[in-house]
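A.B. asks: Need a 3D model of the sequence below.
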Amino acid sequence: MERIRELTKRKDVDYMEIRLERGVETNISITGKNVDSIKTGKFFGGNVRVLVGGVWGFIYFTELNTLKDKIESAVQQAKTLRGLVRGKSGLAQIAPVEKVVKYSIKKDPYSVPLLEKVRLLRHYSEVALSTDKKIVNSRVVYADKKKVLYFTNSEGTYIEQHILDLGGYVMPIAGNGKEIQRTMVPFGSSSNYAVLESLDDEIVQKSKLAISLLNASIPQGGEYPVIIDQHLGGVFIHEAFGHLSEADFIFENENLQRIMRIGNKIGSEILNVYDTGDIKGLRGHLEYDDEGVKAKKVQLIKNGVLSGHLHSRETAYKMGESPTGNARAVNFNFAPIPRMRTTYIDSGRDKFEDFIRDIKKGIYAKGSFGGQTNGELFTFISEEAYLIENGHITDLLKNVSLSGNVFETLKNIVGIADDFEIRDSGGGCGKAGQWPLPVSHGAPHIYIKKVVVGGKQ
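C.D. replies: Residues are numbered from 1 along each chain as shown. As a prediction, this is how the structure comes out:
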């Protein structure tokens, strides 16, 4: 590393950074009673990123003995592009740091033999299948990765981070010959294999839910007051609002620049939203981002008013703001870009039970089973939902979609409960070809006075 640090000290570039990764990873997938694939192995790679005259050069590699050649290639790439690229990049200033970061691990997945992992995952698939004959299939996905990330730049920063990540899910699939219904038991951690253990009861519960959904009603489509649970609330704030907070989206979109201006009122005055890397054990936990910036807590919305953006050093420079520690790359094949870590709606003071009593006819939506966003517009599908009638939860509903404009929806929040929960994504976040990036999300129960619910017409 001392020799590599010396290589960054070139006078013909404005800035240079070198990032190296080495580690081990395991991926297991199971369908029904069959193990589809088991992949284990070591990996090593790195990249060089240089800034010359406001233009980037970027090269990645998998053999360290090619590093000097890769540096030359990155420099020449940037010099060649200088006259061809519109706009000039730069970096917001930060103080150099030297740090070795070793996160505490409660139970290391690499202390568990591979065969034991496979046996446990097969057991979970069998738990789902044995619940009832209407569970026609199951899907189990598991991944873990343990790596050391080395980062150094021409400003004198050197950071070594020892990182663990694991995530996955168990998916029971119910069928009756006419349709199928799925539910999901996700798991994830940055410190503890034990989150994968003792999932039997939850798998049985979700298997029974999948069966019940086969006979559930489809709601009448229309506009309803809606309560969303902690999981769906976390997914909503991540997907519908969090991505709009990533400063590269804002900088590249003039309309979004007007909407996402600091100080604009964009939500209910009871709404507070954060993104942070400081909650240990979560998949969104990190101490330094992939540009060597300390990962600070960012308040994105304060009492309904926009109060922050998620920045890399480059976007902070372009927008005249401060880096936030949100520059992340899924691996060494990519340059870092603004990404979320743990994004959540903060706890309120209301009671979930009061929300239910307040509604004559509405929807209670729980969990998330996919969705999409398009700028300000969103559509999410809940894992399960219930009709609310005259202050009581009644019929189980299926195939419930929630749609709307994110900023109108944020302003329509009329209640935030005091039952905050946070959880890990079992898969990960995707953006610009970089997937799956470890993230976490959370929320309390949220009461929205009107949301468009898809259903029967």
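A.B. asks: all helices for the stretch 151-300 of the chain, in order.
C.D. replies: Listed from the start of the chain, the stretch 151-300 of the chain has helices (DSSP state H, counting those that start in this stretch) covering 200-214, 230-236, 243-245, 247-251, 254-259.
A.B. asks: The first one packs against which elements?
C.D. replies: Going back to what we said before, that points to helix 200-214. Secondary-structure packing of helix 200-214 (3 or more C-beta pairs under 8 Å, 6 or more residues apart in numbering; DSSP states H and E): helix 114-129, strand 135-153, strand 158-175, strand 180-182, strand 185-189. Heads up, the C-betas are built off the backbone N, CA and C, glycines and all.
A.B. asks: Buried residues in the fourth one, which are they?
C.D. replies: By neighbour count on 16 or more other C-beta atoms under 10 Å, the buried set for strand 180-182 is 181, 182.
A.B. asks: ok, now the longest one?
C.D. replies: Applying a neighbour-count criterion of 16+ other C-beta under 10 Å, one finds 135-147, 149-153 buried in strand 135-153.
A.B. asks: related to what we said a few turns ago, which one of the helices of the stretch 151-300 of the chain lies nearest to residue 164?
C.D. replies: In this view, those are compared for proximity to residue 164 by C-beta to C-beta, and helix 230-236 is the closest at 22.1 Å.
A.B. asks: Which parts of this structure belong to which domain?
C.D. replies: By the assignment in automatic domain parsing, the chain contains the domains 2-214, 222-454.
A.B. asks: Just the terminal-to-terminal distance for the shortest one.
C.D. replies: For domain 2-214, the first and last residues are 62 Å from each other (C-alpha to C-alpha, to the nearest Å).
A.B. asks: Quick one: mean pLDDT over that domain.
C.D. replies: Predicted confidence along domain 2-214 averages 96 (mean pLDDT).
A.B. asks: How far away from the center of its chain is it?
C.D. replies: Mean C-alpha position of domain 2-214 versus that of the full chain (C-alpha atoms, centre = their mean, to the nearest Å) differs by 12 Å.
A.B. asks: how much space between the residue nearest to residue 291 when sequence neighbours are not counted and residue 82?
C.D. replies: Once its chain neighbours are removed from consideration, residue 291 has its nearest residue in residue 327; the separation is 4.3 Å (C-beta to C-beta, 6 or more residues apart in numbering). If you measure residue 327 against residue 82 using C-beta to C-beta, to the nearest Å, the figure is 23 Å.
A.B. asks: Tell me which of the two has more neighbours.
C.D. replies: Neighbour totals were compared for residue 327 and residue 82, and residue 327 leads with 25 against 13 (other C-beta atoms under 10 Å).
A.B. asks: before we move on, the earlier item: among the domains of the chain, which is the most enclosed?
C.D. replies: Burial among the domains of the chain, expressed as mean neighbours by mean count of other C-beta atoms under 10 Å, is greatest for domain 222-454, which shows a mean of 20.
A.B. asks: That domain spans what distance, first to last residue?
C.D. replies: Between the opening and closing residues of domain 222-454 we find a distance of 7 Å, counting by C-alpha to C-alpha.
A.B. asks: just stretch 357-367 next, same as before
C.D. replies: Counting by C-alpha to C-alpha, you get 21 Å between the two ends of stretch 357-367.
A.B. asks: Give the rounded mean pLDDT of that stretch.
C.D. replies: Taken as a whole, stretch 357-367 has an average pLDDT of 98.
A.B. asks: what residues does that stretch touch?
C.D. replies: Around stretch 357-367, the neighbours that count as contacts under C-beta atoms under 8 Å, 6 or more residues apart in numbering are 183-184, 219, 224-229, 231-232, 356, 382-391, 393, 397, 400, 402, 415, 447, 451, 453.
A.B. asks: how about the nearest residue to residue 226, chain neighbours excluded?
C.D. replies: Excluding the flanking residues, the one nearest residue 226 by C-beta to C-beta, 6+ apart is residue 451, at 4.3 Å.
A.B. asks: That neighbour is in contact with residue 224, isn't it?
C.D. replies: Yes. When contacts are counted by C-beta atoms under 8 Å, residue 451 is listed as touching residue 224 (6.4 Å).
A.B. asks: Need the phi and psi values for residue 266.
C.D. replies: Taking degrees, to the nearest 10, you get phi -130, psi 0 for the backbone angles of residue 266.
A.B. asks: Would you mind confirming that it is in contact with residue 411?
C.D. replies: Yes. Distance between residue 266 and residue 411: 7.4 Å, which falls inside the contact criterion (C-beta under 8 Å).
A.B. asks: Show me whatever sits in contact with both of these two.
C.D. replies: Common neighbours of residue 266 and residue 411 are listed as residue 304 (criterion: C-beta under 8 Å, 6+ apart).
A.B. asks: May I have the phi/psi pair for the closest residue to residue 38 other than its chain neighbours?
C.D. replies: Setting aside the residues directly before and after it, residue 38 is nearest to residue 28 in space (C-beta to C-beta, 6+ apart), at 5.3 Å. Here the main-chain torsion angles of residue 28 (degrees, to the nearest 10) amount to phi -130, psi 130.
A.B. asks: what are the phi and psi values for residue 74?
C.D. replies: Note on residue 74: its backbone torsions stand at phi -60, psi -40 [degrees, to the nearest 10].
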